[in-house]
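**Q** what would the 3D arrangement of this be:
(4 chains)
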There are 2 protein chains.
Amino acid sequence: MKKQTTIQDIAQALNITASTVSRALHDHPKIKKSTKKKVWDMAHKLNYQPNSIASSLRKGKANTVGMIVPRINRHFFSNVITGVESILNPAGYNLIICQSEESIEKEKMNINTLISNRVSGMLISLSLETTTYDHIEHAIKRNIPVVLYDRITHKLNTCSVENDDEKGSYQLTKHLIEQGYRKMMWIGGSRKFNTYTNRFAGYEKALREIGINANKMPIFEGNISLETAYDFMKDFLNHEPLPEVIFSASDFMAMGAIIALQEKNLKIPDDIAVSGYSNEPFASLISPKLTSVEQFSKKMGQESARLLLEQIKNEGQKQSKQKITIEPQIIIRESTIKIKSE
Amino acid sequence: MKKQTTIQDIAQALNITASTVSRALHDHPKIKKSTKKKVWDMAHKLNYQPNSIASSLRKGKANTVGMIVPRINRHFFSNVITGVESILNPAGYNLIICQSEESIEKEKMNINTLISNRVSGMLISLSLETTTYDHIEHAIKRNIPVVLYDRITHKLNTCSVENDDEKGSYQLTKHLIEQGYRKMMWIGGSRKFNTYTNRFAGYEKALREIGINANKMPIFEGNISLETAYDFMKDFLNHEPLPEVIFSASDFMAMGAIIALQEKNLKIPDDIAVSGYSNEPFASLISPKLTSVEQFSKKMGQESARLLLEQIKNEGQKQSKQKITIEPQIIIRESTIKIKSE
DNA sequence: TTGTAAGCGTTATCAG
DNA sequence: CTGATAACGCTTACAA
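**A** Okay, here's the model as predicted:
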């Protein structure tokens, strides 16, 4: 690597000292305007780029924030990232993004990497495997501000930002009830995971209010993928009576079910209604348009970043750890609207 | 921030010097096994985390790669990122991701940030606005290895990885011709941008081979969005004769057109066929399933990362800058298949 | 308003 | 096989 110009070089060229240059570049109030201008011009002339590594070392902390995300190429998470960047970049921070790929081992490695890089803070969404939290406490003990988002735990004393899955699910189920549907069926990811426990809780609650026991109606848990739901549904249709509506806790699973249903020439919503969750881009594009729940993922990113910045600023000072809940919004589309004139 | 343990602390605790500790931690061959073990144990006991900032400063370079992406929450780009990480992480590099948001100003700022962070290399996809390249040469002059991907230019002497858009488009048009379609129509993004110039070139070429002039058939250029295409198509249908097929250089625009067509009760592909480009997740989910072109975005990320690592290793040594082309694959689905038995 | 000098935690080099 | 020392580029008390 060719030698880069440093503040020393600028200082030499102007016959002043490095400290003056440093101060001038940071617009220190006690430096003469004329000096600042000289320094600035020379910096420009010598093509100076500050070395933030040196600066970080000196300050014991980098202008960098670490973010752990289960998978970056999921629509939901990449939108969270967009939200995070929209807050962090203007505040002068860079993002190092790490993927846990749903593995707790990778998550631990990610945290170590971020600690080694002396990030100013961490934004973490837990992997599905994560049930112990030593590695996260590890970071907290080092006084690194941590904000958990989306996949959170309440067992740690951290800030957190989560979706109100129970509420979204509750409201969506209420909508289905209002449409007159009673015989329902649940499909979703494993209820080992908070997300699906919560979504199921909302579903159950809304049904309980009208005296229906969700657990006495069909329930399918599996991988959150189109294929899993398709395979299950194809089989289900062969030997089980059709419910009036399928409540899917995932848009992809809803899609899998829809394909299986359409292959059997069942009309949606006339023969059977289907709802999804998380409002994937395709939800409004397929036919029929899929009723779903919008999660405001970008907003989740922004709120998380905001909380993190607050903590970074109030460094050291003990403060209560805020918990933010993002309100979901149900998006009613064709797939669950009962044709009234029938 | 609480004081973190350093190699000095380990050294003191063991009555040896920091350099020995450093060497032991890096498994230097000339350090006694017993010493290594002592050091390793003590590091563990004191909860040591290497300070990569200090290491980077000393080495003049960070174990970090910078990546500039127009927008992170696009399916295509988030898949490229996944590919990049899959190569870079195992090689011990972290990714700093910056978004240009299609603005050359932001792109310049991004490059400066990355230079300041002394990244070992950069992966860059140009913003749509970018037509001058001083800022990129700026990085190259500093001997920072650069790989351009997807949105590239040949005006710079860099490695690059691009899609063979012309070929994808050519093959898709050939397929349309084979299906018997002749009256075509082009919709796509502005041909100011390479991507669309190339896709148009393939379309034009295939048609020229059978004596048809693409420029004498309807052409629409606009924002690459569902809405733009929808609005255009709705209007178009009011006063222009229907072509046999719409060649859309974007899946989203194809989708917009499809919605407008379906609102007029036109059957696809019976009344009019439609093809898209880039095989978005929804392409196989909508009805009819959309013919499109798969671009292997993850592979593009992997190839880019591979090229970058090579350059980082051969640092300094002049070597020819490799240009890689990723072959696309046309995915024929319902939306362009002419029912033979008619 | 500017200069002096020390130090952030590592690692490369030289010496033993 | 290990130690001593300097240096990476910047910031910040403290001094002037």
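**Q** what residues sit buried inside stretch A:108-124?
**A** Using 16 or more other C-beta atoms under 10 Å in any protein chain shown as the test for burial, stretch A:108-124 gives A:108, A:110-111, A:113-124. C-betas here are computed from N, CA, C, even on glycine.
**Q** in helices only, show me those.
**A** A:108, A:110, A:111, A:113, A:114, A:115, A:116 (DSSP state H).
**Q** now tabulate those residues in TSV and tack on distance to residue A:47 and pLDDT.
**A** TSV is the format used below for those (distance: C-beta to C-beta, whole Å; pLDDT from 0 to 100):
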residue	distance to residue A:47	pLDDT
A:108	41	94
A:110	35	93
A:111	37	95
A:113	31	92
A:114	31	93
A:115	34	93
A:116	30	93
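**Q** how about the residues of chain A by DNA strand C?
**A** Near DNA strand C, the residues belonging to chain A are A:15-20, A:23-24, A:28-32, A:34-35, A:54, A:57-58, A:60 when assessed by C-beta under 7 Å from any atom of the strand.
**Q** among these, which are in helices?
**A** Among the residues of chain A next to DNA strand C, the ones falling in helices (DSSP H) are A:18, A:19, A:20, A:23, A:24, A:34, A:35, A:54, A:57, A:58.
**Q** thought the fifth one was touching residue A:39?
**A** When you say that, I think you mean residue A:24. Yes. When contacts are counted by C-beta atoms under 8 Å, residue A:24 is listed as touching residue A:39 (3.9 Å).
**Q** residues in chain A within reach of DNA strand D, list them.
**A** A:3-4, A:6-8, A:18-19, A:22-23, A:25-26, A:50-51, A:54-55, A:57-59.
**Q** counting neighbours, which of those end up buried?
**A** Buried by 16+ other C-beta under 10 Å: A:4, A:6, A:7, A:22, A:23, A:25, A:50, A:51, A:54, A:55, A:57, out of these.
**Q** out of those, what pair is the most spread apart?
**A** Checked with C-beta to C-beta, these reach their widest spread between A:4 and A:23, with 20.4 Å between them.
**Q** about what we covered before: could you dump the ones in helices among the buried residues of stretch A:108-124 to TSV with distance to residue B:267?
**A** As requested, those are exported to TSV (distance: C-beta to C-beta, whole Å):
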residue	distance to residue B:267
A:108	55
A:110	50
A:111	55
A:113	54
A:114	54
A:115	59
A:116	60
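**Q** which of those residues sits closest to DNA strand D?
**A** Using C-beta to the nearest atom of the strand, residue A:116 comes nearest to DNA strand D of these, at 16.1 Å.
**Q** quick one: the helices in chain A?
**A** Using DSSP H, helices in chain A cover A:7-14, A:18-25, A:33-45, A:52-59, A:75-88, A:104-116, A:134-141, A:165-178, A:194-208, A:226-239, A:251-263, A:297-313.
**Q** can you redo the ones you listed as a markdown table with distance to residue B:149?
**A** Formatted as a markdown table, the helices of chain A follow (distance: least, C-beta to C-beta, whole Å):
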| stretch | distance to residue B:149 |
| --- | --- |
| helix A:7-14 | 34 |
| helix A:18-25 | 34 |
| helix A:33-45 | 31 |
| helix A:52-59 | 25 |
| helix A:75-88 | 17 |
| helix A:104-116 | 24 |
| helix A:134-141 | 33 |
| helix A:165-178 | 37 |
| helix A:194-208 | 34 |
| helix A:226-239 | 29 |
| helix A:251-263 | 28 |
| helix A:297-313 | 25 |
